[in-house]
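> Sharing a sequence plus its predicted fold:
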Amino acid sequence: MELRSNMKKCFKCGKIKSLSEFYRHSKMKDGHLNKCKECAKIDVAANYRKNREHFIEYDRYRNVSENRKVARLQYQNTRRTSSPEKYRAYCMVNYAVRHGRLIKKPCVICGKPKTEAHHEDYNRPLDVVWLCREHHVLIHGKVPFAFKVVPIR
């Protein structure tokens, strides 16, 4: 079987995919890694779970550096200015919880007590659904593919 120049076979899953489904890698002959993005994400997630304590300690050490603090502040300012309605809703919920006008409830999906406010509509800032972190990121679609397939435990 002959592959077209814009196609490649993943050595992990064996599927033939377009080059856009592979991460770029300058050391490879065609300039792309030999395993597809999906397989690479699964491997990274498995490695993180296997060495979780190491990565937690590494992140703790890395996050105190000055350039990381500056980058974090820049990201925060960018996020606040690009989505002022989200930031306003976040502040209003925080204020309402602090002053007892809004009571935190357990996650509506799993019942965990530690929750975050999820807004269906940012124009109604105090109309929230209480979700644990795990379900909140799932609803927003921010969990990598591998974490959806293999739960973190």
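Thanks, I have it.
> mind saving the C-alpha coords of stretch 95-112 as CSV?
The C-alpha trace of stretch 95-112 is given here as CSV (Å, rounded to 0.1, in the frame of the first residue of the first chain):
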residue,chain,number,x,y,z
TYR,A,95,-19.1,38.7,46.4
ALA,A,96,-22.5,37.1,46.8
VAL,A,97,-21.0,33.9,48.3
ARG,A,98,-18.8,36.0,50.6
HIS,A,99,-21.8,38.0,51.9
GLY,A,100,-24.2,35.0,52.2
ARG,A,101,-26.5,36.0,49.3
LEU,A,102,-25.6,32.9,47.4
ILE,A,103,-24.9,29.6,49.0
LYS,A,104,-22.5,27.1,47.5
LYS,A,105,-24.1,23.7,46.9
PRO,A,106,-22.6,20.2,46.1
CYS,A,107,-21.9,19.3,42.5
VAL,A,108,-25.2,18.7,40.7
ILE,A,109,-23.6,15.7,38.8
CYS,A,110,-21.6,13.8,41.4
GLY,A,111,-22.4,15.5,44.8
LYS,A,112,-18.9,16.5,45.7
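> Now do it: distance to the chain's middle.
23 Å (Cα atoms, centre = their mean, to the nearest Å).
> Need the mean per-residue confidence for that stretch.
Averaging pLDDT along stretch 95-112 yields 95.
> can you list contacts of it?
93, 113, 115, 126, 128-132, 134-135 (Cβ atoms under 8 Å, 6 or more residues apart in numbering). (Glycine included, C-beta is placed from N, CA and C.)
> So which bits of that stretch are buried?
96, 102, 107 (16 or more other Cβ atoms under 10 Å).
> Residue 90: what's its closest spatial neighbour, skipping adjacent residues?
Spatial nearest neighbour of residue 90, chain neighbours left out: residue 117 (7.8 Å); criterion: Cβ to Cβ, 6 or more residues apart in numbering.
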